[in-house]
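S.K.: I need the structure of the sequence given here:
(chains A, B and C)
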Amino acid sequence: MMKRVMAVLVAFSMMLGVTACGSSGGNSAVPASSGSGDTGSAASQQAENTGKQPVAGVAWYNFGDTFIANARTTLNEAAAQDGKIKVIDADSQNDIATQTNNVNNFYTQNVKYLVLNNINTNAKADIIKQAKAKNTTLIFANTDSPSDEEFQLYDKVYHVSSLADQSGKIIGEQLAKYWKEHPEADRNKNGKLDYIMLLGLQQHYDTQVRAKYSVQALQDAGIQTNLIQEAICNYQRGEAQNQVASILQARKKDVEAVIACNDDMALGAIEALKASNFFKDKNSFIPVVGVDATKVGVEALKNGTLLGTALNNPVTLGKSIYKLMSLLEEGKEVTQENMGIDGITVKDHHIYINYVGITAENTEDASY
Amino acid sequence: MESSDIVLEMREISKSFPGVKALDRVSLKVRKGTVHALMGENGAGKSTLMKCAFGLYHPDEGEILVEGKPVQLKSISDAMANGIAMIHQELHPIRTQNVMENLWVGRTPYQKRLAVKWVDQKKMYSDTKALFDRLGIRLDPRQSVGELAAAHCQLIEIVRAVSYDAKVIIMDEPTSSLSDSEVELLFKIIKTLTDQGVAIIYISHKIEEILQISDEVTIMRDGELVGNWPSSELTQDLIVSRMVGRQMTDRFPAREHKPGEEYLVVEHLTSASAHSFKDISFTLRKGEILGLGGLVGAQRTELMESIFGLRPVASGKVSINGEEVKIRRPQDAIKKGVALLTEERRATGIIPMLSVEENLVLANQTSHRRMYTGGQLFLNEKKRRDDTGRFIESLSIKTPTMKTQIQYLSGGNQQKVLLGRWMLTDPDILILDEPTRGIDVGAKYEIYTLMTKMAAEGKCVIMISSEMPELMGMSDRIMVMCEGRLSGLLDGKTATDEQIMLLASTYHSNLEGGAAV
Amino acid sequence: MNEKTKFHPKELIINNAIYFILLALIIIIGVISPNFFSLDVFRDIFMQSSVRIVMALGCMFIIISGSADLSGGRMLGLAALVAGSLAQQASYTAKFWPQLPEMPVVVPVLASMLVGVAFGAFNGWAVSKLRVPAFLATLGSQMILFGVSSLYFNKAPNNSQPLGSFTEGFSSFGSGSVLEVPYLIIVAAVCLVAVWLLLTKTCMGKDIFAVGGNPEAARVSGISLFKMQMITFTLAGLLYGLSGSMEAARTGSATSAYGNAYELDAIASCIVGGCSITGGVGTVGGVFAGVIIFNVISYGLTFIGISPYWQNVVKGLIIIGAVALDVRKYARKD
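M.R.: The predicted structure is shown next:
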């Protein structure tokens, strides 16, 4: 009998193990850009160009992320058009071990620039020291900033990113505006804004900061807030839908707003709310805010379910990364003028991509 | 016969499982330096009793004494510590390791250096060699186990038991997978062990064997003790009647069938595998029982499995009822009225977790689908139940219900279910590969009766058997193979042990003159 | 042996452990939070389970036949994408196929099933003809499927934007109901009954159990292993595909991340529901209960407001506990 039990356990643990390997399996080969057709052919052209073309290795946290997919396409297209710097990239599949392997792989290929769309929030000093030892220019992309001390470690460290706190602030303000204009939104009349918070991943920097600053913005506007429940939905629509459905069954009468750390979760929450008889008419409206301004998100703004969202423009990110490398390659200074891209703010080694608040009034700003 | 001779005593042992009383006040006394045979039909409680002695089961009542002192055997390690060891029916050596590594697995000799336990190859070799010498075994301790025959694997188990200073070694069907010469080797080792004062508890269905090597015989039936006799006072018939609880005059049923016209013709059949059978021709008549004898490695199973479509054939012709047939898969064979009861009941026969019913109707349901569905989508449950019920009755299969999982039946009853599986397909040619291996006497007789009944109905029966008495007692003709070649055909009525043995060891090199009858 | 089996309460519990665990879970959650006992809550749970049930049923075929399949989750993902791309409103500006007219609901559903059948048959072929161990063959197709999904999802003009704005028909397939019973629950129930009939009442079902229980014995008895492997993997694919369009309809969207690791949940549900990983054993009722247990846990823990960090711990403990209790029914009989 023990044998059978063991077989079950062993097989099961193997399955988990194997899939774990599976999900991190794509790292060994650096994928040639798998984007749209024209990018692919451009990449292969570059491969033939074997001169002393500098190479940039880009480690994205997850190709499956809509935002990343767009930034990646933009960056690869910019490189293909310009032809000065060859860009190779890899998918960390949301796994730190895979990211480490990818980075080492890049170093083995002697990349001149390393663009790191970092998953981990703690190990920056080590990453910087490693880059310094390899004399590689290190660019942190769409992640939290290294500290001032960390910047002191190495002069060739840059940071290109939006500020997560900005997105939180924007959606918080959108919610605050609605709250003040609609007194009836206080459904349980307790004078507080009772909200559900939908978080992305556990321990994810963006999620934590967005959550914190959105509530901060509400409080700064003089609104008392009350957290009903927070749920981790892995940025997934289906999970958000399940969890919000459950919370609604338990505390339907208290729910007055949903703050979601991305649009997919916000839309999942809206599905659950609809199933619970909200969004039938004006009186059953519940304000839901998200981040990203995806196409379906904007569609929801238009049809009046989603209250607001914040656009982190992936095209601007992709362009900025390439422009930065190209300035460094030409030996030019990195300044606001030299970058010449709208919607960014340059400050020392930081290039901030500005978030844009999107509501039903300005949906056209969401196209990029 | 002083009491101090008694190394292991089990007093009034009782053990119940939900719904079954497996042991009812059974006692056993094993003397130092003797071979004590434990006999009984399957399900008589031998294994349960031995599992109690080996610490695998804890008896509900009764006590166990080792050298006169009561002991508590709560686990295998308790049993080992008290000098009791058990050699299992099925052996699981670690094939990738060598002989001595297998022998010392779990307690490899080591030397500690730099806080690491390093394997002490030298000590392991010399310890192994010493044990082998003591038992008169000529085997290289460094040989890979993967290359060893089954008998040698068993030897390793025995040596392992000795290495634990076992006073009592329990052997459960030790010869079931051994050839004659290997059995001889085993008996020699047993003799050496008993000479050195070790007691052997020997479980076997082979009565000849028991009478040959044992000093005392304890017989059990239905969880109870029948009695205990010195071997010298017993005969085959006495043992059989005490095991079965009734008189058994004949071990084989009378044969009343008369072979008719030729039905199966095999011509120059050669296996696709280079090391298997070559150029086999034979015929089989309606109502005939053809025995197929030979040693292990004679390729008898391979031949029959090829005829059944389980293995590929390179050349040759098979005709059934005057018509050449091409059988490439078992489905083809079943459609042509051929059935094969395979040798390995567990590996290729039963589906352990499925019920008696599922197991019984399996082949027929697959080959004659319409009989069970009538062309509809769903199965006719009643038809399945009726078929199963009919065979449970006609083959007197002992099972609580037809929904019982087959793995909980005794070996003999499992075999009867499998026979039923094939008889249900209403075959014209029934091939039985070692049909009575590991089955108790009563069930054996029932299977023999069935074979004669099939033959009397005009069906063809082929029986592969390694047991001489069975071959001679049941076959109309005996075909003998050796190393993939047909070495001779004998008349079943007149064949003798010596003739069969001679043909079975007639290797191809000295076959040129032609030794066939 | 012939004595009538008496009523043993302990045995009853052990033999039906899975159902008692489910009952106990519901009672515990209900005691903590009494408004758990409401029709809406149970409808929600069944609704959320519907997709997983269909998926687990597919997985069940594979497990009973003694094989393994790691590609189910990604197959669901691709099927969801394909269904989603064919179910968009004509008026939507960011359509996946801008030229395509609006399609009736059957088109995306059938297309998703077709995707499943194609990849399921591919799995079966790789396992039976190429003789790649099922574990690796399906791990390989898991990767292929994810790659194909990502390529499809990133295809211009979509560029990895989540698919949305589904037709009314497709949306109501996901959220509509008849007589208060959501369509998805009806679909899942129909699948449950169909699979139960197939496994217990047809020759094919019997053959699947036989192949899983002892493939060699099944072969000797005239069952074609090639045929059975093709059938089980293709049937599994069909159900994975269907669950894909259900998931897309239910959430009103689809991305390439859909279905990630769902196969592990499905396998876990099957095992918790009493299927043997070595094959030949499993009941539709058990698998159903297995899926419901998982959903009751996640729904219930959120319902009573347990911190998300603790939810994983509790889930893991309950799974291990459930299997530990369930294996007892085999343990005693050896």
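S.K.: Please make it C-alpha for all contacts and neighbour counts, starting now.
M.R.: OK.
S.K.: give the contact list for residue 137.
M.R.: Assuming you mean chain A. Going by Cα atoms under 8 Å, 6 or more residues apart in numbering or on different chains, A:T137 touches A:112-114, A:131, A:156-157.
S.K.: nope, chain B
M.R.: B:I189.
S.K.: Show me where the stretch 201-334 of chain C has its strands.
M.R.: In the stretch 201-334 of chain C, no strands are found when defined by DSSP state E, counting those that start in this stretch.
S.K.: any weak-confidence spans in it?
M.R.: Residue ranges of the stretch 201-334 of chain C with pLDDT under 70: C:326, C:329-334.
S.K.: follow-up on the earlier one: from the contacts of A:T137, which land in strands?
M.R.: Using DSSP state E, the members of the contacts of A:T137 that fall within strands are A:113-114, A:157.
S.K.: quick one: which of the residues you listed is nearest chain B?
M.R.: Taking Cα to the nearest Cα as the measure, chain B sits nearest to A:L114 out of the ones in strands among the contacts of A:T137, at 43.5 Å.
S.K.: neighbours around the closest one, how many?
M.R.: Using other Cα atoms under 10 Å in any protein chain shown, A:L114 has 27 neighbouring residues.
S.K.: Look up the residues forming beta bridges with it.
M.R.: A:G57, A:L138 (DSSP bridges).
S.K.: How about the contacts made by it?
M.R.: A:L114 touches A:56-59, A:103, A:106, A:136-139, counting by Cα under 8 Å, 6+ apart.
S.K.: what do you get if the cut-off is 7 Å, keeping everything else the same?
M.R.: A:56-58, A:136-139 (Cα atoms under 7 Å, 6 or more residues apart in numbering or on different chains).
S.K.: Could you dump the residues you listed into TSV and include pLDDT?
M.R.: What follows is the contacts of A:L114, written out as TSV (pLDDT from 0 to 100):
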residue	pLDDT
A:A56	94
A:G57	93
A:V58	94
A:T136	93
A:T137	94
A:L138	94
A:I139	94
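S.K.: Make a ChimeraX selection of the buried ones in the residues you listed.
M.R.: The command below creates a ChimeraX selection of those among the contacts of A:L114 that count as buried (16 or more other Cα atoms under 10 Å in any protein chain shown):
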select /A:56,57,58,136,137,138,139
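S.K.: Relative to chain B, which of the contacts of A:L114 is nearest.
M.R.: Using Cα to the nearest Cα, A:T136 comes nearest to chain B of these, at 42.7 Å.
S.K.: residues contacting the closest one?
M.R.: A:111-114.
S.K.: which among those gets closest to B:L49?
M.R.: Nearest to B:L49 out of the contacts of A:T136 is A:L114 (Cα to Cα; 72.0 Å).
S.K.: Next one: that closest one from A:A141, what distance?
M.R.: 10 Å (Cα to Cα, to the nearest Å).
S.K.: Also C:L22?
M.R.: Counting by Cα to Cα - C:L22 and A:A141 are separated by 47 Å.
S.K.: out of these two, which sits in the busier spot?
M.R.: A:A141 (25 against 19).
S.K.: pLDDT score for the more buried one?
M.R.: Here, the pLDDT recorded for A:A141 equals 92.
S.K.: Tally up the residues packed near residue 104, please.
M.R.: Chain wasn't specified; assuming chain A. A:N104, neighbours per other Cα under 10 Å, totals 13.
S.K.: looking at chain C here, not the other one
M.R.: 14.
S.K.: Doesn't it lie inside a strand?
M.R.: No - per DSSP: H, G, I helix; E, B strand; the rest coil, C:P104 lies outside any strand segment and is coil.
S.K.: Please name the residues that touch it.
M.R.: Contacts of C:P104 by Cα under 7 Å, 6+ apart are C:G169.
S.K.: and it, how far is that from C:G252?
M.R.: Using Cα to Cα, C:P104 is found at 16 Å from C:G252.
S.K.: What parts of chain C come near chain B?
M.R.: Within chain C, the positions adjacent to chain B are C:1-2, C:201-203, C:210, C:213-214, C:216-217, C:220-223, C:280-281 by Cα under 7 Å from any Cα of the partner chain.
S.K.: All the strands of the stretch 201-350 of chain A, residue numbers only.
M.R.: A:225-232, A:257-260, A:288-289, A:308-311, A:344-347, A:350-353.
S.K.: Of all these, which one comes closest to chain C?
M.R.: strand A:225-232 (6.0 Å).
S.K.: Show me what counts as buried in that closest one.
M.R.: Of all the residues in strand A:225-232, those buried under the rule 16+ other Cα under 10 Å are A:228-232.
S.K.: Can you add pLDDT and distance to chain C and give these back as TSV?
M.R.: TSV is the format used below for the buried residues of strand A:225-232 (pLDDT from 0 to 100; distance: Cα to the nearest Cα, whole Å):
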residue	pLDDT	distance to chain C
A:I228	93	9
A:Q229	92	7
A:E230	90	8
A:A231	91	6
A:I232	90	6
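S.K.: between those residues, which is closest to B:I406?
M.R.: Scanning these for proximity to B:I406, where the rule is Cα to Cα, the winner is A:I232, at 48.5 Å.
S.K.: Give the closest residue to the closest one in space, chain neighbours not counted.
M.R.: A:L199 (4.7 Å; Cα to Cα, 6 or more residues apart in numbering or on different chains).
S.K.: How about the contacts made by the one you found?
M.R.: Taking Cα under 7 Å, 6+ apart, one finds A:207, A:231-233, A:260-261 in contact with A:L199.
S.K.: quick one: it and A:A266, what's the gap?
M.R.: As for A:L199, its distance to A:A266 is 10 Å (criterion: Cα to Cα).
S.K.: Equivalent analysis for B:F308, please.
M.R.: B:F308 is 64 Å from A:A266, by Cα to Cα.
S.K.: Repeat that for B:I13.
M.R.: When B:I13 is compared with A:A266 (using Cα to Cα), they lie 70 Å apart.
S.K.: out of these two, which sits in the more crowded spot?
M.R.: A:A266 (32 against 21).
S.K.: okay, now A:K52: neighbour count?
M.R.: 7.
S.K.: Show the model's pLDDT score for it.
M.R.: 72.
S.K.: With the one 10 residues further on instead?
M.R.: At A:N62, the model reports a pLDDT of 84.
S.K.: Over to C:T5?
M.R.: Per-residue pLDDT puts C:T5 at 47.
S.K.: cool, A:N102 as well?
M.R.: Per-residue pLDDT puts A:N102 at 88.
S.K.: which other helices and strands contact the strand or helix carrying it?
M.R.: Using DSSP states H and E, the element containing A:N102 is helix A:96-108. On a contact count with 3 or more Cα pairs under 7 Å, 6 or more residues apart in numbering or on different chains; DSSP states H and E, helix A:96-108 meets strand A:55-60.
S.K.: For the next helix or strand after the strand it packs on, buried residues please.
M.R.: For strand A:55-60, the following helix or strand on the C-terminal side (DSSP H and E) is helix A:66-82. Neighbour counts over helix A:66-82 (16+ other Cα under 10 Å) mark A:66-80 as buried.
S.K.: So helix A:66-82, near chain C or not?
M.R.: Yes - residues of helix A:66-82 contacting chain C under Cα under 7 Å from any Cα: A:66, A:69-70.
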